[in-house]
Structures are given as C-alpha cells and as structure tokens.
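1. A structural model of the following input is requested.
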Amino acid sequence: MSEAENAENPDAGANEATGGGTEVAAAQAPLRMPMLVAIAALILGLDLVTKILAVRHIKPGDPISLIGDVVTLTLVRNPGAAFSMATGMTWVLTLVAIGVVIGVIKIGRTLRSPWWALGLGLVLGGALGNLIDRIFRSPGPLQGHVVDFVSVGWWPVFNVADSAIVCGAILLVALTLFGFEPDGTRVGSKSEAAERSGADAGKAAGA
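-> Next up is the predicted model:
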C-alpha cells in the first residue's frame, strides 16, 4: 500500500499490519523439530530404564507396594496396546506404532508450535518405547509383549510409554479443539486476517 493510500485511509494500513501479524510471527518462529526429538528421547530413555529395572527387580506375581494396595509395582507382559487394551492384536499394533512414528516425524519437519512439539514428542517417545518391546522382546519380532509395571487401583497396569502417549494425545486433541495449528498459527486468527484483508481490498477499490 502506497503512502498516499495510507494517508487517505490510515485505518486500512493499521488493519493490514495487525491482520497478518500473527501469521508473520508464526512464520518467523523457529522450527521445533529439535525440541520434539529431545522430548521423545527423554521419554524413550525413561521408559527403557524403568522397564529394565522392573524386569530385574520385580518378580511376576509378587507386587511391590508403594502406597498400600492403591499403588503397586506389578510386572505384567502385555501383548496389547496401552493399558492392556486390544490384547491379541500385537501385529496390528506394531504396524500402527510404526505408522504413528512416521506420521509424527513428517509433521515435525515443519513444526513451529512448542505445544505441538511437546504433544508430538510425548507420543513419539511413548510409541518408540513400546515399539522396541514389540520388536525385540519375546515371543518374537513384531510380536513381543510390552513390559508394564505400574498398577494404580482398578486401572490397568501401565508403563512410562503408555502415560506419555495418553498425555500427548490429550494435549494434541486440546490444541486441535482450540484451533492451534502445528505451524504456530491459530484458526481464528487466520479467518480474522482474511476478513481484514477483504475489508482493506474493498476500501481500496472504493477509494
């Protein structure tokens, strides 16, 4: 917009500046792939270490009490998904986990939102943790049983990876519902910017 047009219609210039401000700031935000990888690596490390300790120190059928009978450490070999769901579908779950890992990495290449990086990092770390069990643990490759060891009341026995996957998924759903995009923009701000641009174009045409 020229200086003459700004002088005739100063509000249009202001709207143009504020309308695209959010998208410009998002475009200038750093890529969050390193953050995503760091979070995933942290979750994966915690999951692997705690599983190794659980296998070494917890005897099957002999739970260790932490808080009475409410919170115990109970060693369980789980052929299913998180929280012992979908047992007997190990092959399918392994393929799903591989797909999740590929999808997260693909999204992460253009990721600019730190909150999306956190959510995807939690999901990626958890998916990798359980995927390693399914590939390398008995009874065989791609059919391995996942090590679960945390028991809380009536809730199914779980592990660090399960917790990370669920927390990450909840965060991603919340971000989606509130309109926050992986590129750092927000759905509402995009529509507002489009409306402002349309209004500015109309004013310029009528001037």
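
2. How many residues are close by the residue nearest to residue 168 when sequence neighbours are not counted?
-> Closest residue to residue 168 apart from its sequence neighbours, by CB to CB, 6 or more residues apart in numbering: residue 122 at 3.0 Å. For glycine as for every other residue, the C-beta is placed from the backbone atoms N, C-alpha and C. Around residue 122 there are 26 other residues, counting by other CB atoms under 10 Å.

3. tell me the SS of residue 149?
-> strand (DSSP: H, G, I helix; E, B strand; the rest coil).

4. residue contacts, it?
-> Shown in contact with residue 149 (CB atoms under 8 Å, 6 or more residues apart in numbering): 50-51, 54, 58, 73-76, 157, 159.

5. Give the single residue among those residues positioned nearest to residue 171.
-> residue 159 (18.9 Å; CB to CB).

6. Strands along this structure, start to end?
-> 64-67, 71-78, 146-152 (DSSP state E).

7. Next, format those as CSV and append mean pLDDT and distance to residue 93.
-> Converted to CSV, the strands of the chain look like this (pLDDT from 0 to 100; distance: least, CB to CB, whole Å):
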stretch, mean pLDDT, distance to residue 93
strand 64-67, 94, 28
strand 71-78, 94, 10
strand 146-152, 95, 9
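
8. okay, these, which one's buried deepest?
-> Highest mean neighbour count of the strands of the chain: strand 146-152, a mean of 22 (counted as mean count of other CB atoms under 10 Å).

9. and that strand with strand 71-78, angle?
-> Computed with axes from the mean of the first three to the mean of the last three CA atoms, to 10 degrees, the direction of strand 146-152 lies at 150 degrees from that of strand 71-78.

10. pLDDT value on residue 82, please?
-> For residue 82, the model assigns a pLDDT of 56.
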